[in-house]
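J.: Please find the sequence and the predicted model below.
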Amino acid sequence: MFRIRHWATLVAALLLILASAATQPATAAEGRPYTNPVKAQKGADPWVEYYNGNYYLVTTSFTGVLTMRKSPTLAGLSVAPSVQVWSDTTATRNTNVWAPELHFLDGRWYLYYSAGQSGVACCDSQRTHVLESAGSDPMGPYTYKNQLSGSNLTPGGWLIDASVLKHDNKLYLLGSGFINGSTQSMVIAPMSNPYTLSSSTFSIISSPTLSWETSGGAVNEGPEPLYRGGRTFLTFSASHCQTADYKLGQLELTGTNPLLASAWTKKQTPVFQRNDAAGVYGPGHNGFFKSPDGTEDWIVYHANNSANGGCGNGRTTRAQKVTWNADGTPDFGTPVALGTTLPGPSGETAATPTAYTLVNRNSGKCLDVEGGSTADGTNIFQWTCTGGANQKWRIEDLGDDTSRLVNVATGKVMDTAECSTADGADLRQWSWLNNKCQKFRLVYTATGDHVRIVNESTGKVADVADCGTANGTDVRQWRWLDNNCQQWQFRPTT
């Protein structure tokens, strides 16, 4: 009887173990391979969000325009179209757009950024602004909500690099600025909602006092929260961005009131810095994002390829996986060299796009180079989508808020015939001449998931003639009429 009971107990235990193993989630496969940089044009101050099957990337523009890239894989961000999601003509905030960030709060996206006043020398007028999405699409459309500023800013000082801290079910605005004559420090203020401060007085939570925070200038900026296991960490960028010694430091919230400097404990050494052996200089101004399966933390940051790269558009966007130390603190590792191929975030399942088909919203047909001819002047029209290379386009960012549309089959670009400004001027393919008639702004439409293709020279858009639906209907330029015949969906392809 004892033996029977003993074996019964063993069998039951074995069945329990097998059942438990069967219900454990399998380790997610590594994501698609990617290679840094993930954005080579206008790659400074990057921010990445993963949402509903896509990554979204925004970076500093230095103009009054914000563009966003969207891709189902991290690797695909390097070739994704840069689509304009916001532009501003208001003189007090339409230049030097820096450090945009996306935050999903109360069912909407909020886009925070720094911007300055037109005609004012850089950069005393830099202030923080916030946009609100109409719905849950990270690409908008957006409306302007508010300027977020403080009553105790140093005259002539700025408030930049806004981020949002969540603590104890409350929101706080983080930023970098000059308060009551301070050096450039990290500051914080409470919020009553995502676009309103509940106090106009900012508190300083960290100032640059250590030697590694003062290379080229005393700077603490770019505060970014990272949460894990009930703990809150805050990375920040230290020293001047003009130097190769721009780097990341770290605070941890060890008290209960995040408005108090005494509630934050600063790590006395940097957590992420230059790697001369790999040719990485001035890594900083980072953001954090989760892998598609939610199991991994990733850092996105910018860096230079040379020690004298400075603070401009030479900085490129890069990403790496974050690991965690036994004591529960983050380990950011060492920045890797450009050209290093790494496994992408876990849980990626989609193929990495290499090109796009452009599908007209009205007709459902594809932008097509007639017959796949390689001749200059070949017509561009619409045709039933076949998957042919003459219907595939590489969208190449030119680093000035415009792109060129390169046909995969022919290697030639979309061009406005004779640089005409007339309604009805033909869109054709031509060899690259690097003129404005071959450059286009891709502007997100208010109806969502479609763009208008705006010629940089003429301001007119790609239009299907007379809203025709037949194969071979000409695609031409026309003034914007806000109809479906002038809207295009960019569908990723390989």
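T.: Now that the structure is in, tell me what you want to look at. Numbering: from 1, shown residues only.
J.: And Ala465, its phi and psi?
T.: Backbone geometry at Ala465, expressed as degrees, to the nearest 10, gives phi -50, psi 120.
J.: what mean pLDDT does the host helix or strand of Pro225 have?
T.: Per DSSP states H and E: Pro225 is located in strand 220-228. The pLDDT scores in strand 220-228 average 98.
J.: Also stretch 134-148?
T.: For stretch 134-148, the per-residue pLDDT averages 96.
J.: buried residues in the strand holding Pro225?
T.: Across strand 220-228, burial judged by 16 or more other Cβ atoms under 10 Å covers 220-226. Where C-beta positions appear, they are placed from N, C-alpha and C, glycine not excepted.
J.: Repeat that for stretch 476-489.
T.: Buried, per 16+ other Cβ under 10 Å, within stretch 476-489: 476-478, 484-488.
J.: do the same with stretch 457-467
T.: Applying 16+ other Cβ under 10 Å to stretch 457-467 flags 457-458, 460-464 as buried.
J.: Can I get these in a markdown table including secondary structure and distance to Leu260?
T.: Output for these, formatted as a markdown table (DSSP: H, G, I helix; E, B strand; the rest coil; distance: Cβ to Cβ, whole Å):
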| residue | secondary structure | distance to Leu260 |
| --- | --- | --- |
| Ser457 | coil | 55 |
| Thr458 | coil | 56 |
| Lys460 | coil | 56 |
| Val461 | strand | 53 |
| Ala462 | strand | 55 |
| Asp463 | strand | 58 |
| Val464 | strand | 60 |
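J.: Kindly indicate which of the buried residues of stretch 476-489 lies nearest Ala422.
T.: Nearest to Ala422 among the buried residues of stretch 476-489, counting by Cβ to Cβ, is Gln477 at 8.2 Å.
J.: wait, doesn't Thr374 sit right on Val408?
T.: No: between Thr374 and Val408 no contact is recorded; they are 11.9 Å apart, counting by Cβ atoms under 8 Å.
J.: More neighbours: the two, which one.
T.: Val408 (19 against 15; other Cβ atoms under 10 Å).
J.: Report the contact partners of that one.
T.: 355, 389-390, 392-394 (Cβ atoms under 8 Å, 6 or more residues apart in numbering).
J.: Can you report how many residues neighbour the residue lying closest to it once chain neighbours are set aside?
T.: Spatial nearest neighbour of Val408, chain neighbours left out: Lys392 (4.0 Å); criterion: Cβ to Cβ, 6 or more residues apart in numbering. For Lys392, the neighbour count with other Cβ under 10 Å is 23.
J.: same deal with Thr269?
T.: With other Cβ under 10 Å as criterion, Thr269 counts 10.
J.: If I look at it, what pLDDT would I see?
T.: Thr269 is given a pLDDT of 98.
J.: Now do the contacts for it.
T.: Thr269 neighbours (Cβ under 8 Å, 6+ apart): Trp212.
J.: same thing with the one 3 residues further on?
T.: The neighbours of Phe272, taking Cβ under 8 Å, 6+ apart as the test, are 235, 247-248, 283-284, 286, 299, 301, 332-335.
J.: Cross-reference these with the strands and report the matches.
T.: 235, 247-248, 283-284, 286, 299, 301 (DSSP state E).
J.: can you redo those as CSV with pLDDT, distance to Pro100 and neighbour count?
T.: Listed next are those as CSV, based on pLDDT from 0 to 100; distance: Cβ to Cβ, whole Å; neighbours: other Cβ atoms under 10 Å:
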residue, pLDDT, distance to Pro100, neighbour count
Thr235, 98, 18, 26
Lys247, 98, 22, 22
Leu248, 98, 19, 23
Pro283, 98, 19, 26
Gly284, 97, 16, 30
Asn286, 98, 14, 25
Ile299, 98, 17, 24
Tyr301, 98, 15, 31
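J.: of the buried residues of stretch 457-467, closest to Gln184?
T.: Ser457 (40.6 Å).
J.: That closest one contacts Ala417, correct?
T.: No: with contact defined as Cβ under 8 Å, Ser457 does not count as touching Ala417 (11.6 Å).
J.: hang on, the earlier thing: note down every partner strand of the strand holding Pro225 and its orientation.
T.: Next to strand 220-228 in the sheet, as set by DSSP bridges, lie strand 231-238 (antiparallel).
J.: okay, and for this protein, where does confidence drop off?
T.: 1-28 (pLDDT under 70).
J.: And the helices in it?
T.: Listed in chain order, the helices of the chain (DSSP state H) span 2-23.
J.: Is the residue nearest the centre of it bridged to anything, and to what?
T.: Among the residues of the chain, the one closest to the centroid is Leu57, at 1.8 Å (Cα atoms, centre = their mean). Going by DSSP bridges, Leu57 is paired in beta bridges with Val48, Arg69.
J.: ok, it to Arg476 distance?
T.: Leu57 is 32 Å from Arg476, where distance means Cβ to Cβ, to the nearest Å.
J.: residues contacting the nearest residue to Gln429 once chain neighbours are set aside?
T.: Sequence neighbours aside, Lys412 is the residue nearest to Gln429 in space, at 4.3 Å (criterion: Cβ to Cβ, 6+ apart). Lys412 makes contacts with 369, 374, 376, 378, 406, 429-432, as judged by Cβ under 8 Å, 6+ apart.
J.: Try it again at 10 Å.
T.: Going by Cβ atoms under 10 Å, 6 or more residues apart in numbering, Lys412 touches 369, 373-378, 405-406, 428-432, 438.
J.: How about Asp45?
T.: Neighbours of Asp45 in contact, by Cβ under 10 Å, 6+ apart: 58-61, 97-101, 113-114, 160-161, 221-222, 237, 241, 284-287, 300-302, 315, 317.
J.: Over to Phe233?
T.: 224-227, 250-253, 267, 271, 288, 328-330.
J.: Which ChimeraX command selects the buried ones in the residues you listed?
T.: Buried members of those, defined by 16+ other Cβ under 10 Å, are picked up in ChimeraX with:
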select :224,225,226,250,251,252,253,271,288,330
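J.: Select from the contacts of Phe233 every entry located in strands.
T.: Filtering the contacts of Phe233 for strands - DSSP E - leaves 224-227, 250-253, 288, 330.
J.: Among those, find me the one that's closest to Ser125.
T.: Of the ones in strands among the contacts of Phe233, the one sitting nearest to Ser125 (Cβ to Cβ) turns out to be Glu224, at 24.2 Å.
J.: I'd say that closest one and Leu234 touch.
T.: Yes: Glu224 sits in contact with Leu234 when judged by Cβ atoms under 10 Å, with a separation of 6.9 Å.
J.: Could you report the separation of the residue lying closest to Gly399 once chain neighbours are set aside from Gly249?
T.: Closest residue in space to Gly399, ignoring its immediate chain neighbours: Gln41 at 3.9 Å, by Cβ to Cβ, 6+ apart. Separation of Gln41 from Gly249 (Cβ to Cβ): 28 Å.
J.: neighbour-wise, which of the two wins?
T.: Neighbours per residue, other Cβ under 10 Å: of Gln41 and Gly249, the larger number sits with Gly249, 26 against 19.
J.: The more buried one: what's it in contact with?
T.: 186, 206, 208, 210, 212-213, 220, 234-239, 266-273, 284.
J.: Where do the domain boundaries of this protein fall?
T.: For the chain, whose domains are defined here by automatic domain parsing, the residue ranges read 31-344, 355-493.
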